[in-house]
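Student: Okay, here's the prediction I keep looking at, along with the sequence it came from:
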Amino acid sequence: MRSSRKPIKEQAIVITGASSGIGRATARLAAEAGARLALNSRDERDLLELTKALRTRGATVTMSVGDVGDEAAMAALAEAAARELGGIDTWVNNAGVSIYGRLEEVTVADARRLFETNYWGVVNGSLAALPHLRRSGGTLINVGSILSDTGYPLQGHYTASKHAVKGFTDSLRLELEHDGAPVAVTLIQPAAIDTPYPEHARSYLGVQPRHLPPVYAPEVVAEAILECAERPKRDVLVGGGAKAFQAMEKYTPRLGDRFKEALFFDGQRSDEPAGEDSLYRPQPGDARERGRYPGRVRRTSLYTRARLHPEQLLVGFAVAGAGYVIAKQARSGRR
């Protein structure tokens, strides 16, 4: 895996699920940095609104309406992006949907639909992107979840789909590295993010679902994605909460089970009635980066920053250590 790529301002970047949430935030930040963009969503109305807004600010943007679960649509997206942007440097598989409900209650049809987007969408996007990324070198970034590493009540099918995304991503990376292909593969695993995700999810709970804290701003994930587009990492947990979950699953899994059983059934239920979901069709006119999480939303993650910039952490320790030594010597000199 090459340690660095072109700067964002010189890149052509494809983003699926770009009309809201993490995808929309990533598109905005990439456009502000000067990237050329190919944006995808099922939601033509909101994707067109975003495309026009970014073009008004001077960005080079092309759009492609299509379902990531449709193999032909992803192939067409790749061909259009390569043709109109002069190639593809980074491809971001971001589109996702969710279902809240007990596994015994969720219909198999709904679960299959979720997998068409969350898992097969990643497969279709990756396989469409690879011929272009192999040709000139590039980065494939798949957005998983901290739930790729753990179980989670009331989001069982979503969790299973993100386990599948991790397995696919890790296996694909091995095959590409074995071939010596000039393609870096990154898995991004966010914690809870303040996007419209709970509002757009299909709910079997009788109420609108809600996140449990800590909750992070979508820009925290977008910044991690763009950092990996320039300096690829194997995988990145976004948010200290994600790291805590991963550690609990690895070192104290049964304690983690008890913790989730005690808090996560009632904790994921809001007092709001369930609204329209986007499992089978988008919600035009609801193109937002942020959700409506009522609590504190963390705008940064020191853990993720340290993961992406370990050299800055070392410098910080060195400065702190030097300051400690100087202060100690000064105190000794005054005696």
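Tutor: Thanks, I have the structure now. Numbers count the residues shown, from 1 in each chain.
Student: Okay, helices next: where are they in the stretch 101-250 of the chain?
Tutor: 108-118, 120-136, 156-179, 197-200, 218-230, 240-251 (DSSP state H, counting those that start in this stretch).
Student: Most tightly packed of those?
Tutor: Across the helices of the stretch 101-250 of the chain, the average number of neighbours (mean count of other Cβ atoms under 10 Å) peaks for helix 218-230, which reaches a mean of 24. Where C-beta positions appear, they are placed from N, C-alpha and C, glycine not excepted.
Student: Please compute how far that helix lies from its chain's middle.
Tutor: Computed by Cα atoms, centre = their mean, to the nearest Å, the chain-centroid distance of helix 218-230 equals 9 Å.
Student: Neighbours of residue 106, how many?
Tutor: When counting by other Cβ atoms under 10 Å, one arrives at 18 neighbours for residue 106.
Student: Tell me how far it lies from residue 279.
Tutor: Remark: distance between residue 106 and residue 279 (Cβ to Cβ, to the nearest Å) = 11 Å.
Student: about what we covered before: closest to residue 293 out of the helices of the stretch 101-250 of the chain?
Tutor: Nearest to residue 293 among these is helix 197-200 (8.1 Å), distances taken as Cβ to Cβ.
Student: what residues are up against the nearest residue to residue 170 once chain neighbours are set aside?
Tutor: Excluding the flanking residues, the one nearest residue 170 by Cβ to Cβ, 6 or more residues apart in numbering is residue 187, at 7.2 Å. Neighbouring residues of residue 187 by Cβ atoms under 8 Å, 6 or more residues apart in numbering: 142, 144, 148, 165, 166, 169, 170, 234, 235, 236.
Student: One more pass at 10 Å, please.
Tutor: If a contact means Cβ atoms under 10 Å, 6 or more residues apart in numbering, then residue 187 has 140-145, 148, 162, 165-166, 168-170, 173, 228, 233-237 as its contacts.
Student: now the helices of the stretch 101-250 of the chain in CSV, with distance to residue 285 and mean pLDDT?
Tutor: CSV is the format used below for the helices of the stretch 101-250 of the chain (distance: least, Cβ to Cβ, whole Å; pLDDT from 0 to 100):
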stretch, distance to residue 285, mean pLDDT
helix 108-118, 20, 98
helix 120-136, 23, 97
helix 156-179, 25, 98
helix 197-200, 13, 95
helix 218-230, 19, 98
helix 240-251, 31, 93
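Student: now for the ones you listed, which one comes closest to residue 83?
Tutor: Closest to residue 83 of the helices of the stretch 101-250 of the chain, according to Cβ to Cβ: helix 120-136, at 10.4 Å.
Student: Using PDB, write out every CA atom in the closest one.
Tutor: Coordinates of the C-alpha atoms in helix 120-136 are reproduced here as PDB (Å, rounded to 0.1, in the frame of the first residue of the first chain):
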ATOM      1  CA  TRP A 120     -24.000  -5.700  -2.400                       C
ATOM      2  CA  GLY A 121     -23.800  -1.900  -2.900                       C
ATOM      3  CA  VAL A 122     -20.200  -2.100  -1.600                       C
ATOM      4  CA  VAL A 123     -19.500  -5.100  -3.700                       C
ATOM      5  CA  ASN A 124     -21.000  -3.500  -6.900                       C
ATOM      6  CA  GLY A 125     -19.200  -0.200  -6.300                       C
ATOM      7  CA  SER A 126     -15.800  -1.900  -5.600                       C
ATOM      8  CA  LEU A 127     -15.900  -4.100  -8.600                       C
ATOM      9  CA  ALA A 128     -17.000  -1.200 -10.900                       C
ATOM     10  CA  ALA A 129     -14.100   1.000  -9.500                       C
ATOM     11  CA  LEU A 130     -11.300  -1.500  -9.500                       C
ATOM     12  CA  PRO A 131     -10.500  -1.600 -13.300                       C
ATOM     13  CA  HIS A 132     -10.100   2.200 -13.200                       C
ATOM     14  CA  LEU A 133      -8.100   2.200  -9.900                       C
ATOM     15  CA  ARG A 134      -5.800  -0.600 -11.100                       C
ATOM     16  CA  ARG A 135      -5.100   1.300 -14.300                       C
ATOM     17  CA  SER A 136      -3.500   4.400 -12.800                       C
END
